[in-house]
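# got a structure for you, letters missing:
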């Protein structure tokens, strides 16, 4: 009865070795895929997330300032237009002689 136990032990060792080899191959494949992806991404002109966030914040700030300046220009144009109308109205009104 020792023979079947030895055969089973040998089969268990072979299976264990096969699983170890498969996991080693898995690690190598993952590493190669990672290296290829890194190489591919480095060839692309991709911006890191941190730089993207910084530029995005700058754009938001510039838009807000642009809107503020547009409102200020509009207010100044209205003030200038009302001053011109006041001057035109005064010039068009005849002065009374004493």
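Right, received. Where do you want to start? Model, not experiment: these values are computed from the prediction.

# can we go C-alpha only for contacts and neighbour counts from here?
Will do.

# Does residue 6 fall in a helix, a strand, or a coil region?
On the three-state scheme (DSSP: H, G, I helix; E, B strand; the rest coil), residue 6 is labelled helix.

# all helices of the chain, in order?
Listed in chain order, the helices of the chain (DSSP state H) span residues 2-43, 49-92.

# what's the average pLDDT for the last one?
Taken as a whole, helix 49-92 has a mean pLDDT of 90.

# same deal with stretch 19-33?
Rounded mean pLDDT across stretch 19-33 is 84.

# Could you dump the helices of the chain into JSON lines with mean neighbour count added?
Output for the helices of the chain, formatted as JSON lines (neighbours: other CA atoms under 10 Å):
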{"stretch": "helix 2-43", "mean neighbour count": "11"}
{"stretch": "helix 49-92", "mean neighbour count": "11"}
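
# any idea how far residue 29 lies from residue 22?
Between residue 29 and residue 22 the distance is 10 Å, computed by CA to CA, to the nearest Å.

# Please apply the same query to residue 44.
The value you get for residue 44 to residue 22, if CA to CA is used, is 33 Å.

# Also residue 86?
If you go by CA to CA, the gap between residue 86 and residue 22 works out to 90 Å.

# and this protein, what are its domains?
1-45, 47-86 (automatic domain parsing).

# what's the offset of the first one from the middle of its chain?
Translated: domain 1-45. 37 Å (CA atoms, centre = their mean, to the nearest Å).

# and if you look at the shortest one?
For domain 47-86, the distance between its averaged C-alpha position and the chain's averaged C-alpha position is 23 Å (CA atoms, centre = their mean).

# and if you look at stretch 36-49?
15 Å.

# start to end distance for that stretch?
End-to-end distance (CA to CA), stretch 36-49: 20 Å.

# for stretch 39-58, same thing?
30 Å.
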